[in-house]
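Student: got a predicted structure here, sequence first:
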Amino acid sequence: METKAEFSPLLDTDTPLYMQVYNYYKSLIVSGKLPPKTKLPSLRHCAETLGISRTTAEGAYLQLCADGYILSKPKSGYFVTDLYFHAPRPALAPQAEKPAAPLYDFASLSVDRESFDFNLWRRYLKSALRQDERLLSYGEVQGERDLREALAQYLAEKRNVVCRADSIVIGAGVQSLLHILCAVLHDKKTVAFCDPAFLQGRAVFQDHGFTIREREADAQIFYVSPSHMDRRGDVMPTDARIALLKRIAARGTLLIEDDYDNEFCYFDRPAPALQGLDGGRHVVYIGTFSRLLLPSIRISFLVLPDSLAARYREIAPLYNQTASKAEQIALCQFIRDGHLAGQIRKVRKLYTQKARLLETAVREAFGKAADVRLRETGFVVQVRLRMPLAADDLEQRARKAGVSLRAENDANGACTLFLACSGVRASDFPDAAARMRAVCLLQDTETPT
């Protein structure tokens, strides 16, 4: 029990006496000096110790009970509860210093400043923002009707996709659309991915209770990006696309075609979309504008087969539209005025030129120490090293030298670099290539400041 000497004196004449007692015990409980299950002094002892009446002590205890700080047990007394108890927090480990941004980023999917006409896009956004009455309401759940109509026409002309405006669903990014798609695919529970590195897609399906299979033949759903099948940027040839469609039709598999990077093929015209080759019967088509326009313009779309479109309309009211209505209005007019086709030509030309310049810079820097060539798509330069190096270690050492890149070892241990040219200025290619060569040949290189 507490002794008189341990109590703080009750000298606050502006506060009722019972509240002074209440505040005293409350502070002891909150601070942890009276831990849970501790028995408080009896009313008689509390009154005698503080020199107050039993009625005053009882008023304080009753208020503590009412606020949950203590609990009255018949014939036993008053005990501290654990409602307000907070165990001492362990000392926080010092946060690791955030690594500095690399001087040259060949690993990310950022875009070149010159690839996009910001002034032109601002004009379309301003035009959209002047449509006052239209902006007073929420956007259509499925996406703005006029944008879906413009998309349907564009996809039919440029990608031979079989669709109508009613079969298109718009959303802010591929992941948000996959959440909706998973809700539609209630009768299928297994999925396989052509590219196992697509972790974001795997996570969405796992969150919805799907089982991830490693082989196409073992799954009810197969997710493929035929124009960028893996981190190397491999493109699925037309004959392989036709063979895949025959297999999935024979098994009754649903194919999800993520047409990522279809616009960016260096050497050939883009291969026909699987969805168009299939006639739109067994394929869900996914597209996005994040790579073609800007990563910050989060507008993507699904094209659903008729059977899934009917299911979608049943659940559509449960999902809000996630893409900006103003940006949808702007993009619709942007497409109708022919700027999307012009943007594809501009970006393809720019990145093809940059990729060739990067190829030349790396080849000159490495000489006979590496085989250098362009990948077919994705503005990627492949550098196959002629010395044994661990990919993870190489990536770390390159970052210390100011270069962010992707590397991987094949089954024989050979190391290959994959360099995306879009996020680095062409004028910086020679210095970046020299830094990469120094890292690969285990030479000292100046650490960037």
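Tutor: That came through fine.
Student: contacting residues around Ala434?
Tutor: Ala365 (Cβ atoms under 8 Å, 6 or more residues apart in numbering). C-beta here means a position set from N, CA and C on the backbone, and glycine is covered the same way.
Student: which secondary structure element is home to it?
Tutor: Assigned by DSSP states H and E, Ala434 belongs to helix 429-440.
Student: now do Leu28
Tutor: According to DSSP H and E, Leu28 maps onto helix 17-30.
Student: and for Gln353?
Tutor: helix 339-366.
Student: please state the offset of that helix from the chain centre?
Tutor: On the basis of Cα atoms, centre = their mean, to the nearest Å, helix 339-366 sits 27 Å off its chain's mean C-alpha point.
Student: so which bits of that helix are buried?
Tutor: 339-340, 343-344, 347-348, 350-352, 354-355, 357-359, 361-363, 365-366 (16 or more other Cβ atoms under 10 Å).
Student: what stretches of this protein score poorly on pLDDT?
Tutor: By pLDDT under 70, the low-scoring segments of the chain are 1-13, 85-99, 229-233, 261-270, 376-378, 443-449.
Student: domain-wise, how is it divided?
Tutor: Per the record, the chain has its domains at 14-80, 140-320, 348-440, by automatic domain parsing.
Student: any chance of those domains in JSON lines, with distance to Leu120 too?
Tutor: What follows is the domains of the chain, written out as JSON lines (distance: least, Cβ to Cβ, whole Å):
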{"stretch": "domain 14-80", "distance to Leu120": "61"}
{"stretch": "domain 140-320", "distance to Leu120": "11"}
{"stretch": "domain 348-440", "distance to Leu120": "16"}
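Student: for Ser108, find the nearest of the ones you listed.
Tutor: domain 348-440 (5.5 Å; Cβ to Cβ).
Student: can you give me the helices in the stretch 301-449 of the chain?
Tutor: 306-315, 325-336, 339-366, 391-400, 429-440 (DSSP state H, counting those that start in this stretch).
Student: closest one to Asp67 among those helices?
Tutor: Distance to Asp67, taken as Cβ to Cβ, is lowest for helix 306-315 among those, at 46.0 Å.
Student: where does the residue nearest the centre of the chain land in three-state SS?
Tutor: Nearest to the geometric centre of the chain sits Gln200, at 6.7 Å (Cα atoms, centre = their mean). Under DSSP: H, G, I helix; E, B strand; the rest coil, Gln200 falls in the helix class.
Student: so what's it closest to, chain neighbours aside?
Tutor: Gln175 (5.6 Å; Cβ to Cβ, 6 or more residues apart in numbering).
Student: that neighbour is in what secondary structure piece?
Tutor: Going by DSSP H and E, Gln175 is part of helix 174-184.
Student: orientation of that helix relative to helix 306-315 in degrees?
Tutor: Counting by axes from the mean of the first three to the mean of the last three Cα atoms, to 10 degrees, helix 174-184 lies at 90 degrees to helix 306-315.
Student: for helix 174-184, buried residues please.
Tutor: In helix 174-184, counting by 16+ other Cβ under 10 Å, buried: 174, 176-178, 180-182, 184.
Student: show me the contact partners of it.
Tutor: So helix 174-184 is contacted by 169, 171, 200-201, 204-205, 207-208, 210, 256, 258, 284, 286, 288, 300-302, 304, 308, 311-312, 315, 318-319, 322 (Cβ under 8 Å, 6+ apart).
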